[in-house]
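[1] Structural data only, the sequence is not supplied:
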């Protein structure tokens, strides 16, 4: 088990190197430079030149790349041109916010999706199943940003039940008050996103269950005299959850990247919002750091999925 | 021959297609005794598996109608409750499936899969169940039972997996074992071993075995009694020597003729024209095999075929057997 994980991590090293090269080259291809935004008619050309030299922008690309990588290893992603702060500090605060929101959303998504998929599959072709499938098609058809804006308008503005933006109230006091306020701010974006993220899980689980029901394995279980209820929980359900488990790693790290839509619409200070913001301000150091982080997260997502699979499915265990 | 174990009378099993029900098993009657191996033969789609599933209650009753009579040890199984079937299955009836990989749960250790039968039918202690599992594994001819018990299905070969399925089926020493094409998915050398195993289990447990197969070689080797099915009906039934030495029904004779034989190597293999009609297009009147022997005049068939008993214990459907000969005049 540990050997497998170690091997998977070693395989990730070349992947990360390639990723870093790609990120660096793409960033260099972007038009403009960090000083483009601050140029005014009064800017002294020689002063600008000096700044660029100081920033190392005239060095050959491999020197710049080496510099960047070495710094990255020291946890130094450089300084944000926009915030005039270390990139790690800028991202750090946002990452925590995103982590909480996405954790909340993922848990909620599975809490809604798994029971729905399970009921639809178990009671296949009944009105309950048809109702759940209808819900599923509706949530699949609604674009997330429309749903979020509508939800924000209804619950945040018209009814005023939930705050319409931010991650914590300024008036929150004490550690407990702080946590409560954070939770309160997460409810609306979390619930709305979760409602629309259930589609694939519900669909997968339902069709897996319907499929498993007709497997010989299930007939064997029935032929053993196992009561129907137990046939479902011990044989059908366990096997049906495999693809869901396989996907779990991806969806956890995927959501850690933060949803650009949710954070932008709810002005929630997370990584997604920061990403959009940095692109429009050409804040290279932040962009490259974020893309690197997303990339590494995606790699860890596949690793996590592999680990989850090897725990739940004995066929995947490698000796 | 032992005492009567299972009696089937005028059994109809029909499936819902659209809004109508169609008979996949049409008026089947047969008997099986203890200590007997009854083979049910016929080509794919003739209702063998449907019949087996009707006996053991594995049909989804929302889409299936079963009528007639199935008597098993003084109990009526047609219309029996799911709870009654849960009690019978595993303890008094065991079933062996065709595909040994698909029939095992890939996520459970072998021991847990065998033990599951004991869980629901006995109140033995954990250590006793473990002991029984090891004995069963030994009985079905697996070496190193301790090791196999801890393994998962994918770690075993096809033949080993089929032995596990058999171990599951016989765990509670059932009176009746239904083996649905137990050797179809295995290669020939393993086939013989599995059939030997079935015979030895029967000798030890005195069970009645229903062996469903389309392989007449398996039947000749293993069975005592034979039931030949075609298009949901029993067309001929008798002892193994009656069926093989003196086949009557044109279908049985065609089946026997289509077995490859070493002494006729090089000849074209006989093939029965056409195929079994699909469920929704099954003719209701007349001899169902008539379309596949078009050279036989209509007058040879009965309008409403009935069972005849030309010799004791040997039954045949329709009168067409009396005058039937193959197109080239050959007699088999």
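    Looks like it arrived, so ask away. Just so it is clear, the structure is predicted and the values come from calculations on it, not from any experiment.
[2] make it CA atoms for all contacts and neighbour counts henceforth
    Will do.
[3] contacts for stretch B:20-27?
    The list of residues contacting stretch B:20-27 from outside it, by CA atoms under 8 Å, 6 or more residues apart in numbering or on different chains, reads B:9-16, B:46-47, B:50-51, B:64-65, B:231-233, B:279-280.
[4] Then stretch B:136-148?
    Residues beyond stretch B:136-148 that count as contacts (CA under 8 Å, 6+ apart) turn out to be B:110, B:111, B:134, B:135, B:149, B:160, B:163, B:164, B:166, B:167, B:171, B:197.
[5] Figure out how far the top helix by length along chain A is from the centre of its chain.
    With DSSP state H applied, the helix covering the greatest number of residues in chain A is identified as helix A:87-122. From the chain centre to the centre of helix A:87-122 is a distance of 8 Å (CA atoms, centre = their mean, to the nearest Å).
[6] how about it against chain B, any contact?
    No: Helix A:87-122 does not reach chain B (CA under 8 Å from any CA of the partner chain); its nearest approach is 13.6 Å.
[7] list the helices and strands that helix packs on?
    Other helices and strands packing on helix A:87-122, by 3 or more CA pairs under 8 Å, 6 or more residues apart in numbering or on different chains; DSSP states H and E, are helix A:127-141, helix A:174-197, helix A:199-213, helix A:242-256, helix A:271-280, helix A:284-312.
[8] Please identify the buried residues of the last one?
    By that I understand helix A:284-312. Going by neighbour count (16 or more other CA atoms under 10 Å in any protein chain shown), the buried part of helix A:284-312 is A:284-292, A:294-310, A:312.
[9] Toward the C-terminus, what is the element adjacent to the helix or strand hosting residue B:112?
    Here residue B:112 sits within helix B:110-121, counting by DSSP states H and E. Downstream of helix B:110-121, the first helix or strand assigned by DSSP H and E is helix B:126-139.
[10] in that following helix, what's buried?
    Within helix B:126-139, the residues scored as buried using 16+ other CA under 10 Å are B:129, B:130, B:132, B:133, B:134, B:135, B:136, B:137, B:139.
[11] Give me every residue in chain A lying close to chain B.
    Residues of chain A that fall close to chain B, judged by CA under 8 Å from any CA: A:215-220, A:222-227, A:235, A:239, A:312-315.
[12] Whichever of these end up buried, select them in ChimeraX.
    Restricted to the buried members of these, where burial is judged by 16+ other CA under 10 Å, the ChimeraX selection command reads as follows:
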select /A:216,217,218,219,220,222,223,224,225,226,227,235,239,312,313,314
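[13] Just to be sure, which of the residues of chain A next to chain B are found in helices?
    For those, membership in helices holds for A:216, A:217, A:218, A:219, A:220, A:222, A:223, A:239, A:312, with DSSP H as the criterion.
[14] Now render these as CSV, adding pLDDT and distance to residue A:196.
    Conversion of those to CSV gives the following (pLDDT from 0 to 100; distance: CA to CA, whole Å):
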residue, pLDDT, distance to residue A:196
A:216, 86, 35
A:217, 89, 34
A:218, 90, 33
A:219, 89, 36
A:220, 89, 38
A:222, 89, 37
A:223, 89, 40
A:239, 88, 25
A:312, 82, 27
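[15] hmm, back to that, what's the angle from the helix holding residue B:112 to helix B:126-139?
    Relative orientation of helix B:110-121 with respect to helix B:126-139: 120 degrees, computed using axes from the mean of the first three to the mean of the last three CA atoms, to 10 degrees.
[16] who touches helix B:110-121?
    Around helix B:110-121, the neighbours that count as contacts under CA under 8 Å, 6+ apart are A:224-226, B:87, B:90-91, B:104-105, B:124, B:129-130, B:133, B:148-153, B:164, B:167-168, B:171-172.
[17] do stretch B:257-277 as well
    Taking CA under 8 Å, 6+ apart as the criterion, the residues outside stretch B:257-277 that touch it are B:45, B:46, B:216, B:230, B:231, B:254, B:255, B:292, B:293, B:332.
[18] buried ones in the host helix or strand of residue B:251?
    Element membership of residue B:251 [criterion: DSSP H and E] is helix B:250-257. For helix B:250-257, the buried set under the neighbour-count rule, 16+ other CA under 10 Å, comprises B:250, B:251, B:252, B:253, B:254, B:255, B:256, B:257.
[19] Chain B: strands as residue ranges?
    Using DSSP state E, the strands found in chain B span residues B:4-17, B:20-33, B:37-41, B:64-72, B:75-76, B:93-96, B:176-180, B:208-213, B:225-230, B:233-239, B:307-311, B:314-317.
[20] Residue A:24: which of the contacts of stretch B:136-148 is nearest?
    residue B:110 (52.4 Å; CA to CA).
[21] quick one: that closest one from chain A, how far?
    When CA to the nearest CA, to the nearest Å is the yardstick, residue B:110 and chain A sit 12 Å from each other.
[22] tell me the contacts of the nearest residue in space to that residue that is not next to it in sequence?
    With CA to CA, 6 or more residues apart in numbering or on different chains as the measure, residue B:149 is the residue that lies nearest to residue B:110, at 5.0 Å, once sequence neighbours are left out. For residue B:149, the residues meeting the contact criterion (CA under 8 Å, 6+ apart) are B:109, B:110, B:111, B:133, B:134, B:137.
[23] ok, so of those residues, who is nearest residue B:189?
    Using CA to CA, the contacts of residue B:149 come closest to residue B:189 at residue B:137, 20.0 Å.
[24] Appreciated, that's everything.
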